[in-house]
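Engineer: Attaching a predicted model along with its sequence, questions to come.
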Amino acid sequence: MILDDSTRATFERDGLVTLPGLFTPDEVDALRFALAEVKAMDIPSVIRERAGQALRLVYGADKHHPVYAALAAHPRWVLPAQQLLDDEVYIHQLRINTKAPFDGDGWWWHQDYATWRFEDGMMRPQALMIGILLDDCTPCNGPLQIIPGSHRHGHIDENAPDRDQTGYTVMDLPRETISRLVADGGMQALTGSAGTAFFMHCNLVHGSGTNISPDERTIIYINCNAVGNAITRPGRAEYFANPDFTPIRPMADDCLLTAV
Ligand SMILES: O=C(O)CCC(=O)C(=O)O
């Protein structure tokens, strides 16, 4: 067993499991260095902020760099994910949210499952967002914020698609819904040191504010799905919605440091 019963009970209750220091400082450095190389490649799967040129999202780094290919099969997230989803897993999308110093814009409150259901025909919320901090996340640099326990409301159908010209869609929830959910569950900022990982239920309501600090705030999101819940309407760009549902076979534990 990877996660003990009390950790699994926390996931059921809060929709969140935090694993501090899941990746070591050397592994974080390898991921940061590899990200700098990916940014220099001029790949098409990047999205810039609506205002200005700062990078907002880098999709599919695992298709462009061996260190991210290794991360995409790393046992330290694959094994807990299999346990939480009770199935083999594949990656629906891997993206890096590079909330730039001063310019990194926020994210309105939403559930990620809403997008995957609406755009990709994901039939059940049997998927996870796994956030891996590449920088220390503090209250000041626009950390991810969640409403604990909000996943227990299921898919909240009160949303409106906010879709940009790149095909990126966020299913924004209305203010009244957020007020109601927060009155029930409160809010939590997911702060922690680089290397920490957050395993989140795909119906956990979350969002974040602008990064007006001079500090980087980079989070890798490995959004994985149960193989038995493979999407039914593949068709978006593969970096938004992977059409390959082959179960991941975990690599060796040191794969990030041997990948280069
Ligand atoms: O990284 C963030 O601040 C928020 C990201 C988010 O909400 C998302 O990618 O779905």
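Structural biologist: Happy to help now that I have it.
Engineer: State the phi and psi torsions of residue 172.
Structural biologist: phi -70, psi 140 (degrees, to the nearest 10).
Engineer: nope, residue 169 is what I meant
Structural biologist: For residue 169, the backbone dihedrals are phi -120, psi 130 (criterion: degrees, to the nearest 10).
Engineer: How about residue 228?
Structural biologist: The phi/psi pair for residue 228 (degrees, to the nearest 10) reads phi -70, psi 0.
Engineer: Can you show me the strands along the stretch 101-250 of the chain?
Structural biologist: With DSSP state E, counting those that start in this stretch, the ranges of strands along the stretch 101-250 of the chain come out as 107-110, 127-133, 144-146, 160-163, 169-172, 188-189, 197-201, 206-208, 217-226.
Engineer: If we ignore the residues flanking it in sequence, what's nearest residue 35?
Structural biologist: Counting by CB to CB, 6 or more residues apart in numbering, residue 96 is the residue found nearest to residue 35 once chain neighbours are left out, at 6.3 Å. Where C-beta positions appear, they are placed from N, C-alpha and C, glycine not excepted.
Engineer: To clarify, my last question referred to residue 234.
Structural biologist: Nearest residue to residue 234, sequence neighbours excluded (CB to CB, 6+ apart): residue 243, at 3.8 Å.
Engineer: what do you get for residue 178?
Structural biologist: residue 109 (4.9 Å).
Engineer: measure the one you found to residue 51 for me?
Structural biologist: 20 Å (CB to CB, to the nearest Å).
Engineer: who's in contact with the closest residue to residue 104 other than its chain neighbours?
Structural biologist: Nearest non-adjacent residue to residue 104, counting by CB to CB, 6+ apart: residue 211, 3.8 Å away. For residue 211, the contact set (CB atoms under 8 Å, 6 or more residues apart in numbering) comprises 99-104, 141-142, 217.
Engineer: Now with 6 Å, please.
Structural biologist: 99, 104, 141-142, 217 (CB atoms under 6 Å, 6 or more residues apart in numbering).
Engineer: What separation do you get for the residue nearest to residue 204 when sequence neighbours are not counted and the ligand?
Structural biologist: Spatial nearest neighbour of residue 204, chain neighbours left out: residue 15 (3.9 Å); criterion: CB to CB, 6+ apart. Per CB to the nearest ligand atom, to the nearest Å, residue 15 is found 14 Å from the ligand.
Engineer: With that, I have no additional questions.
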